[in-house]
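Participant: I'd like to go over a predicted model; first the sequence, then the structure.
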Amino acid sequence: MYSDKAAVIGDKDIVLAFKAAGMDVFPASTVEQAEAALKKHAKDHCVIFVTEDLAAGMKESLEKYKRKAYPTVIPIPSSSGTTGLGMSGIKADVERAVGTDILFNKED
């Protein structure tokens, strides 16, 4: 059974900000650390945010969780800024769900 808790996996600077908001935080500086944290804490959280820089190296793991109901794993910008990975994932998911690009209405 999943709880209603949310967590953040990422570099120390980012996760500390989320800790102040009451979220569970798991600092990770490598893809391997991030994947280990995700695997360890997936069953205890309904939403897990992962910084885009780490998520870029975790595509296989993220696809595995995308096929499950819980937890929802969402890439977010890191302290160095956004790579666009999170928004491109949301765009692809919406297009798959509704059959067209309703967010940006642009041709790729």
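Facilitator: Received it, and whenever you're ready, just let me know what you need.
Participant: does the residue nearest to A55 when sequence neighbours are not counted belong to a helix or a strand, and which?
Facilitator: The spatially closest residue to A55, leaving aside those adjacent along the chain, is P75, at 4.0 Å (CB to CB, 6 or more residues apart in numbering). Placement of C-beta: from N, CA and C, glycine included. Counting by DSSP states H and E, the element that carries P75 is strand 72-76.
Participant: just A36 next, same as before
Facilitator: For A36, the element it lies in under DSSP H and E is helix 31-41.
Participant: Mind listing what's buried along that helix?
Facilitator: 34-35, 37-38, 41 (16 or more other CB atoms under 10 Å).
Participant: which ones are touching A6?
Facilitator: Going by CB atoms under 8 Å, 6 or more residues apart in numbering, A6 touches 23-24, 45-49.
Participant: go again using 7 Å as the cut-off
Facilitator: By CB atoms under 7 Å, 6 or more residues apart in numbering, the contact set of A6 is 23, 45-47.
Participant: Filter those down to the buried ones and express that as a PyMOL selection.
Facilitator: To isolate the buried ones among the contacts of A6 in PyMOL, judged by 16+ other CB under 10 Å, type:
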select buried, resi 23+45+47
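Participant: And the contacts of A6, which two are furthest apart?
Facilitator: Taking CB to CB as the measure, these span a maximum distance of 11.7 Å, between M23 and C46.
Participant: Give me the below-cutoff pLDDT ranges for this protein.
Facilitator: 1-2, 79-108 (pLDDT under 70).
Participant: what bridges to the spatially most central residue of the chain?
Facilitator: Against the mean C-alpha coordinate of the chain, by CA atoms, centre = their mean, the closest residue is I74 at 2.6 Å. Taking DSSP bridges as the rule, I74 bridges to F49.
Participant: wait, isn't it in contact with T51?
Facilitator: No: with contact defined as CB atoms under 7 Å, I74 does not reach T51; the gap is 10.5 Å.
Participant: tell me the angle the strand holding P75 makes with helix 31-41.
Facilitator: 150 degrees (axes from the mean of the first three to the mean of the last three CA atoms, to 10 degrees).
Participant: Packing partners of strand 72-76?
Facilitator: strand 47-51, helix 52-55, helix 85-98 (3 or more CB pairs under 7 Å, 6 or more residues apart in numbering; DSSP states H and E).
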